[in-house]
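Asker: Provided below are the primary sequence and the corresponding predicted coordinates.
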Amino acid sequence: MLPVETLKTNSDFRRAYARGKSYTNPALVMYVRKNRAGSCRIGITASKKIGNAVQRNRARRVIREAFRQVNLPLKGNYDVVFVARTKTVHKKSTDIYNIMLPMLIEAGVVKNEELHA
């Protein structure tokens with residue numbers, strides 16, 4: 001599995017929003033963009049629309065845990081930004097995982113040969 005880093009700068013997030021392809025669900029939005037960084041980088045955001053700080057932090061934790069559960073190898077160098085929505089707060093990490101995995105496969109970020117074996 002390729003190493004996974006985190007997106008830290010505002011310009012990286014803006015680049016993913018502007019030039020990345022988006023995949024939506026009522027509980028999660030995902031932006032995917034190829035990068036030249038040499039590794040897969042993820043970023044997780046939750047706006048104030050989600051709720052107070054406790055709810056935003058919980059939403060980010062749930063998304064991070066769901067991504068950690070994806071044990072499939074990553075295909076290449078991508079910037080992946082997950083945006084929490086209001087329904088994310090009421091979901092568990094397994095629910096988010098079941099939403100996230102098809103989105104990652106559709107985007108071509110993970111290799112899905114293992115799923116059909």
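Answerer: Ah, there it is.

Asker: just the strands in this structure please.
Answerer: 4-6, 21-25, 28-34, 40-45, 78-84 (DSSP state E).

Asker: direction included, what does the second one pair up with?
Answerer: The partner list of strand 21-25 in its sheet, established with DSSP bridges, is strand 28-34 (antiparallel).

Asker: same deal with the first one?
Answerer: Using DSSP bridges, the neighbouring strands of strand 4-6 in the sheet come out as strand 40-45 (parallel).

Asker: got it, and the last one?
Answerer: Under the criterion DSSP bridges, strand 78-84 sits next to strand 28-34 (antiparallel), strand 40-45 (parallel) in its sheet.

Asker: Lys87 contacts Lys49, doesn't it?
Answerer: No. Judged on Cβ atoms under 8 Å, Lys87 makes no contact with Lys49 at a distance of 11.6 Å. (Each C-beta comes from the backbone N, C-alpha and C, glycine too.)

Asker: before we move on, the earlier item: got CSV for the strands of the chain, with mean pLDDT and distance to Arg56 too?
Answerer: Shown next, in CSV, are the strands of the chain (pLDDT from 0 to 100; distance: least, Cβ to Cβ, whole Å):
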stretch, mean pLDDT, distance to Arg56
strand 4-6, 86, 17
strand 21-25, 95, 18
strand 28-34, 96, 14
strand 40-45, 94, 9
strand 78-84, 95, 7
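
Asker: for this protein, which spans come out with low pLDDT?
Answerer: 1-3, 113-117 (pLDDT under 70).

Asker: same for the top helix by length along the chain, what does it pack against?
Answerer: Longest helix in the chain by number of residues (criterion: DSSP state H): helix 53-69. Judged by 3 or more Cβ pairs under 8 Å, 6 or more residues apart in numbering; DSSP states H and E, helix 53-69 is in contact with strand 40-45, strand 78-84, helix 93-107.

Asker: quick one: that helix to strand 78-84, angle?
Answerer: Here the directions of helix 53-69 and strand 78-84 differ by 140 degrees (axes from the mean of the first three to the mean of the last three Cα atoms, to 10 degrees).

Asker: find the nearest non-adjacent residue to Leu58, please.
Answerer: Just to correct that, residue 58 is Arg rather than Leu. Excluding its sequence neighbours, the residue lying closest to Arg58 (Cβ to Cβ, 6 or more residues apart in numbering) is Val89, at 6.4 Å.
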